[in-house]
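Q: When you get a sec, could you give me coordinates for this:
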Amino acid sequence: MDWLQIDWKGPYSLRVAPKTKVAEHFGVYAIYKREPRIKKLLYIGRTYEQDFERRLAQHRRDWLDDRYESKDLCIHFGILIPPPETRISFERVADVEELLISCYVPPHNTASKSGYSGRDLLLLNTGTRGSIDVLIGAGVGVDLKGLLLKIGRLK
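A: Next up is the predicted model:
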């Protein structure tokens, strides 16, 4: 079983987000619409060969342009932290995105809504994670207690 920690940062307005230090990284991100008393998850995405700033610029051209100035939209960036002696790969980032989309089924995502087909995977979400659960897992080898003991989150 594979696992990753996602350290979520934000929320940032879409105008401010590209100017933050975290926008220079890659990983996963979640775009929300602020509604009275809640934030509605609209989209989950990933970056690997480009940083968050470049990917957000593409979304602005593709579907966010007329909403980009809106104070109703915000974004959380998720920095992927792998286990010791493990590296982040394109496939691993793609599995993380697919698992998040299949769990939350955001309305603006078009792929991965029918289920997760990646590796056995457990995600530990920390930081300002919005509506994302602390633990998300898929596969037969998911041992939550064992993982938490291993990474020092449970004594």
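Q: where does this protein dip in pLDDT?
A: For the chain, the stretches with pLDDT under 70 are 61, 63-70, 140-155.
Q: Tell me the first helix or strand C-terminal of the longest strand along it.
A: The longest strand of the chain (DSSP state E) is strand 2-13. Next helix or strand after strand 2-13 toward the C-terminus (DSSP states H and E): strand 27-35.
Q: got a list of contacts for that next one?
A: 6, 8, 11, 39-47, 52, 55-56, 59, 64, 71-80, 93, 96-97, 100, 106, 108, 130-132 (CB atoms under 8 Å, 6 or more residues apart in numbering). For every residue, glycine as well, the C-beta is placed using N, CA and C.
Q: run the last query once more with 7 Å
A: By CB atoms under 7 Å, 6 or more residues apart in numbering, the residues outside strand 27-35 that reach it are 6, 11, 39-47, 52, 72-80, 93, 96-97, 100, 130, 132.
Q: filter those to the buried ones?
A: 6, 11, 39, 41-47, 52, 73-80, 93, 96-97, 100, 130, 132 (16 or more other CB atoms under 10 Å).
Q: So which of those residues are in strands?
A: Counting by DSSP E, the part of the buried ones among the contacts of strand 27-35 found in strands is 6, 11, 39, 41-47, 73-80.
Q: Packing partners of the helix ranked longest in the chain?
A: If you go by DSSP state H, the chain has its longest helix at helix 90-104. Judged by 3 or more CB pairs under 7 Å, 6 or more residues apart in numbering; DSSP states H and E, helix 90-104 is in contact with strand 27-35, strand 38-47, strand 121-127, strand 135-138.
Q: for it, which positions count as buried?
A: Neighbour-count burial for helix 90-104 [16+ other CB under 10 Å]: R92, V93, D95, V96, E97, E98, L99, L100, I101, S102, C103, Y104.
Q: Pick out the most distant pair among those residues.
A: Maximum pairwise distance among the buried residues of helix 90-104 (CB to CB): 19.0 Å, between R92 and Y104.
Q: Spatially nearest residue to I81, not counting backbone neighbours?
A: Q5 (4.1 Å; CB to CB, 6 or more residues apart in numbering).
Q: tally of neighbours for that neighbour?
A: Neighbours of Q5 under the rule other CB atoms under 10 Å: 18.
Q: what pairs with it across the strands?
A: Judged by DSSP bridges, the bridge partners of Q5 are I81, L124.
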